[in-house]
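>>> I would like to see how this sequence folds:
(chains A, B, C and D)
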Protein chains: 4
Amino acid sequence: MIIVLKKGVEEVKIQEITERLSEVGFKVHLSQGVEKTIIGAVGDRSRLKGLDLEALSWVEKVVPILAPYKLVSREFHPTDTIIKVGNLEIGGSQIHIMAGPCSVESRSQILETAHAVREAGATILRGGAFKPRTSPYAFQGLEEEGLKFLAEAREETGLAVTTEVVDVRDVELVAYYTDILQIGARNMQNFNLLKEVAKTNKPILLKRGPSATLEEWMLAAEYILDGGNDQVMFCERGIRTFENYTRNTLDLSMVPALHSLSHLPVIVDPSHGTGRWQLVSPMAKAAIAAGADGLIVEVHPQPEKALSDGKQSLTLPNFQKMMAELDKIAQAVDRPFAEGGDR
Amino acid sequence: MIIVLKKGVEEVKIQEITERLSEVGFKVHLSQGVEKTIIGAVGDRSRLKGLDLEALSWVEKVVPILAPYKLVSREFHPTDTIIKVGNLEIGGSQIHIMAGPCSVESRSQILETAHAVREAGATILRGGAFKPRTSPYAFQGLEEEGLKFLAEAREETGLAVTTEVVDVRDVELVAYYTDILQIGARNMQNFNLLKEVAKTNKPILLKRGPSATLEEWMLAAEYILDGGNDQVMFCERGIRTFENYTRNTLDLSMVPALHSLSHLPVIVDPSHGTGRWQLVSPMAKAAIAAGADGLIVEVHPQPEKALSDGKQSLTLPNFQKMMAELDKIAQAVDRPFAEGGDR
Amino acid sequence: MIIVLKKGVEEVKIQEITERLSEVGFKVHLSQGVEKTIIGAVGDRSRLKGLDLEALSWVEKVVPILAPYKLVSREFHPTDTIIKVGNLEIGGSQIHIMAGPCSVESRSQILETAHAVREAGATILRGGAFKPRTSPYAFQGLEEEGLKFLAEAREETGLAVTTEVVDVRDVELVAYYTDILQIGARNMQNFNLLKEVAKTNKPILLKRGPSATLEEWMLAAEYILDGGNDQVMFCERGIRTFENYTRNTLDLSMVPALHSLSHLPVIVDPSHGTGRWQLVSPMAKAAIAAGADGLIVEVHPQPEKALSDGKQSLTLPNFQKMMAELDKIAQAVDRPFAEGGDR
Amino acid sequence: MIIVLKKGVEEVKIQEITERLSEVGFKVHLSQGVEKTIIGAVGDRSRLKGLDLEALSWVEKVVPILAPYKLVSREFHPTDTIIKVGNLEIGGSQIHIMAGPCSVESRSQILETAHAVREAGATILRGGAFKPRTSPYAFQGLEEEGLKFLAEAREETGLAVTTEVVDVRDVELVAYYTDILQIGARNMQNFNLLKEVAKTNKPILLKRGPSATLEEWMLAAEYILDGGNDQVMFCERGIRTFENYTRNTLDLSMVPALHSLSHLPVIVDPSHGTGRWQLVSPMAKAAIAAGADGLIVEVHPQPEKALSDGKQSLTLPNFQKMMAELDKIAQAVDRPFAEGGDR
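Next up is the predicted model:
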């Protein structure tokens, strides 16, 4: 940690602080330039509890040197984490496509979609049963009934199933029915929910908050790993910016950035990331080219009748078409699609 | 609602959609310009469930005309809502100052602060017992013990008490000990938490999410009113922007904007809004000048020893000094400070 | 154009405005819903000069229906524009790579780089002679001497040459020495500069402003087309967001968005778009996969000795390696690299 | 400057870099923690030209300690700069109001406005003659004729006059007719324009770019001071964020931030800062309460007939009303309005 002092700070203050830092175990080095005095302090920052240096009026700024996360970092865990979902492996050499409707709306809708996406090459079925909606007047999901339809689709098709959990009280229920628990973007910093899903033995798909920095996102994952569950995938789904032609701005640079800083797999959601179905296929291809370990894509048999997100959902034929194009990109980066198979 | 069609759409499509809209009760008007065909549809948009017009490939865009919120809007409820907290009235002619530490750290810390802020003119004590922290390794709050200290400070000083609730399972507990429930910025769209606090009969302080638009914020309040609790205050606490000299960008224009669109009171948090204690007093004055109904300010007896947010906390003497300056602004806008008094 | 009126507006106002609109040639339709009165007005909005409807106190909002640009739009010009630079064609079936140092620093630096990038498959050489720098104390470029070095490199290698012009007074000079004029991000809305480059017969590479919306960017291009030069390429180079792990957030969704809205080619700059050389290759691949017509990439023989942007520059071997990987993606999207050749 | 090295970097590299830094005059300190090696280097960073440490593959990051600006900083120049415009003093104890239309549209419009704003207490007349407009089809200003009308209004009323200059070729002309040169938001980083206005002896009003950080803004001012003109005022006019209820997000925290970091005066533009005339008066009051040295406000005799920015312009009566309210705030912060008077 580097502590930059304000110009003209008294000697006695400097002595006081260096002694204090030494006491709690820091190796301290004082450097007095013509314009600034800076203190370098090497040690474990957690020992500083109860000493907020930035609150001191004669401190200009404190620059941390060590990253605040540990378990999620590649420095701590150099090899890639591979997440097992039944016999699927996410984060290995193969690419996985998760596809399905925004919301589970009916038994027939989810079954029809499941068969079609499996046919086209997806290995995991997505679908929301508990829907966090901006307006209280919007469709809020089928809840447990939706989970049952998902489970039935799994039985019929052999696809693994992923769905979002939004409430600490539902974690057990959702974990019972599904294979991967999604933490939605709005809940990325719902820390109690993170602690709760950490207690399950299910893989977690952790979406990036719409205004979360890379560091905050990694710290959210750190909560889950720290809670005992190291089966976490990051999911980039776009951030909020001034540009509103697209629903969000899909930040694909996070794919190589996360691969360099962390050992955990990275999934991309081009549907929420763009908000327009016409942009989904190009951005899906871009995501694979950038090194994503998988995609999660909204697909609906009749998008114009969808109860949510119709505007960004692919029809079944469009999904099929996209998969054919994606296949070429996957091959160009030497990462074939995973075989759909029985879980 | 205005539906703008793509150039060259077939007549049959137009007929189909106008018929469909008429059937569900819309008054439809077709307008064919040289370049665009647009359909005006007057009616209740909720009848559209199961018809996502924007998912149709020949629709360019859909422009809603009516606001998606109702209960929070001034059109629906023209007179100002005044929120009663004991014998205090928030949203009326007087201004209320909520002050106290970021976290409740000990009995003595909260009692010392409570006496000092009351002395200086605050009417409400703030202090966090459940702390949502970016890092799992940061201080997470004293939990119920903290609530008890707050309640004791209330008994001793007659101040009302506000604290944040972060978990649906704690709502009852927090409501038992405190007078105003805070929904933190990161939970603004934790819809189940909104539904849960709506069931209490306590006033709610609803902080703006760091990347929430005005409309999303009003819709979050709508969840609480729709759930049966109309005692909601908005709290502007800064938004996330590219500027990082400040922790957040305090968006004071929301004060007059909300007063024009809604009947609910507006509180401002200059501590989180700036992240630097040196900026708190100027921005507090600005907030009152802009028409805020109150402030919530972080104050700590020894900010450099604070377990959280020391950098943005005022010392007790600085708080006192700020209150004296604020008093002049309050008088200049004809809104005197509320009397501290027994609740 | 749709004009939404405030609740309770007087009949006489409505009549006044509809008559006024009819007079200047609009086809007007009045629609009175239970909650809102709206006026649809079909016609040429430029006739409204001297009538700012949004300034009327009883108008709630005005929603434009037509796009404010014309010449750049695909509706106006359905087929792709192909830009000729000597015998190169940008925007056609082949992909072009522009590469070179941020700044031209010396004759030997630019010649060495030119040969190396040509060898690796680039067809266009980039290099800055006039450098817009955030600090007045930073290296400001070699100016005309730099242009001469670029021209010499062109003679030696047969590469076309592109460089930025930052001042209306230098347009002629820069046009004399180079093949493509770059408008830098900070000058995207320097309208007089746009008007000046429109007068040359050189192709223009128009970078997106760091906080420019898609619509503003298209309107900046419209200035150039309106000024008589239709040889414009868009260049996405990242936008400013809250995320600062990367220098900018590269918004690849603009590639398919622009291809759908406009007929002009789209180039991507992964160097400024990320600010870290480690991220350049993955994002370059992503850009091609998303459909970009070309890339502009910073390459330097010794990035650690670069006078600007060393952090985001590829070494010559790394550029070569990237080109080999890009080649596979280009083939996967059926768009081979252009042949380097004599201009 | 602090140089953080990657884990596992070879000793020889470290030795190489510390020697190199020592050679160019840095005082170097090496600090080897368990996890990171960091090098502290005290000295003049400009000596590093030709050594971009961040481009070295074994350097993790470089943290600058000194601010990159000097002349604009309060450390360099501790006392407030007071700018003289005729007999007016900006930045002293009095507050100045600049008011007038967005564009000069006609002789009568500017004269009527000038008399009215002077009557209400303004000391400086604003009005645009050269208009940078997003669309090439929008009104582009009366140019020199507009400047003449402004000069005439000055003669008639004794108000000082400010107008924007957008082109390096017009600087002399604009300086001839007016008292304060405005650099518009889009030109904040038009460095050649900054260099050109630095050569005049006129005060400069430097608007913040819509996506400029505080540091970039100060560096833009540094260009002007470095060019020999130290009569610079900052003007906060809102930044671009995701919120689009307002045209921009007015960042009033910049007022106290700039006052702490710089000696130059700070003006606030609540008209562009909000884009809605209804919000102008509350935000003007807030700006004064936050410590602004003056305001620049758009006023138009008939906003609904304005050729630009009618939506955010006050009518003459509304301006008068605002001035009366502002007066109370100005008194509350002990900074009376400046007397209108002869320049």
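>>> Give me the buried stretch members for the longest helix along chain A, please.
Scanning chain A for the longest helix, with DSSP state H as the assignment, gives helix A:316-332. For helix A:316-332, the neighbour count (16 or more other Cβ atoms under 10 Å in any protein chain shown) marks A:316, A:318-320, A:322-323, A:325-330, A:332 as buried. Bear in mind the C-beta positions are built from the backbone N, C-alpha and C, glycine included.
>>> Over to stretch A:17-29?
Applying 16+ other Cβ under 10 Å to stretch A:17-29 flags A:17-18, A:21, A:26, A:28-29 as buried.
>>> one step back: for the longest helix of chain A, give the mean pLDDT please.
Mean pLDDT, helix A:316-332: 97.
>>> Is chain B within reach of it?
No - figure legend: helix A:316-332 not in contact with chain B (Cβ under 8 Å from any Cβ of the partner chain); closest approach 9.9 Å.
>>> Check stretch A:158-165 too.
No - Stretch A:158-165 stays clear of chain B (Cβ under 8 Å from any Cβ), getting no nearer than 10.8 Å.
>>> on that earlier part again, closest one to chain D out of the buried residues of stretch A:17-29, please.
Using Cβ to the nearest Cβ, A:His29 comes nearest to chain D of the buried residues of stretch A:17-29, at 5.8 Å.
>>> thinking again about what came up before, specify which member of the buried residues of helix A:316-332 is nearest to chain B.
Checking the buried residues of helix A:316-332 against chain B with Cβ to the nearest Cβ, the nearest one is A:Asn318 at 9.9 Å.
>>> Please look at the closest one and A:Trp277 and confirm they touch.
Yes - the criterion here is Cβ atoms under 8 Å, and A:Asn318 meets it with A:Trp277 at 7.1 Å.
>>> related to what we said a few turns ago, restrict the buried residues of helix A:316-332 to those near chain C?
Within these, those near chain C by Cβ under 8 Å from any Cβ are A:328-329, A:332.
>>> Identify, from those residues, the entry nearest to B:Ala175.
Relative to B:Ala175, the closest of these is A:Ile329; by Cβ to Cβ it sits at 53.5 Å.
>>> my guess is the closest one meets A:Ala289, correct?
Yes - when contacts are counted by Cβ under 8 Å, A:Ile329 is listed as touching A:Ala289 (5.5 Å).
>>> Spit out the residues that contact these two alike.
C:289, C:329 (Cβ atoms under 8 Å, 6 or more residues apart in numbering or on different chains).
>>> Contacts only, for the nearest residue to A:Leu250 once chain neighbours are set aside.
The spatial neighbour of A:Leu250 that comes closest, neighbours along the chain excluded (Cβ to Cβ, 6 or more residues apart in numbering or on different chains), is A:Gly273 at 3.2 Å. By Cβ under 8 Å, 6+ apart, A:Gly273 lies in contact with A:236-238, A:246-250, A:283, C:253.
>>> Using the three-state scheme, assign A:Gly273.
Three-state call for A:Gly273 (DSSP: H, G, I helix; E, B strand; the rest coil): helix.
>>> Who are the contact partners of A:Lys202?
Under the criterion of Cβ under 8 Å, 6+ apart, the neighbours of A:Lys202 are A:175, A:178-181, A:229, A:231.
>>> so how far is chain D from the closest residue to A:Glu89 other than its chain neighbours?
Nearest residue to A:Glu89 in three dimensions, chain neighbours excluded: A:Ile82, at 5.1 Å (Cβ to Cβ, 6+ apart). From A:Ile82 across to chain D, the span is 23 Å (Cβ to the nearest Cβ, to the nearest Å).
>>> does A:Ile82 really touch A:Gln94, like I thought?
No - using Cβ under 8 Å as the test, A:Ile82 is too far from A:Gln94 to be in contact (10.2 Å).
>>> number of nearby residues for the residue nearest to A:Glu89?
15 (other Cβ atoms under 10 Å in any protein chain shown).
>>> A:Ser260 versus that one, what's the distance?
Using Cβ to Cβ, to the nearest Å, A:Ile82 is found at 18 Å from A:Ser260.
>>> Ok, A:Ser46 next?
Per Cβ to Cβ, A:Ser46 is found 25 Å from A:Ser260.
>>> related to what we said a few turns ago, quick one: which of the buried residues of helix A:316-332 is nearest B:Ile204?
A:Phe319 (42.6 Å).
>>> For that closest one, which non-adjacent residue is closest in space?
A:Val299 (4.6 Å).
>>> same check, this time on A:Leu48
That would be A:Val24: by Cβ to Cβ, 6+ apart, it lies 7.0 Å from A:Leu48.
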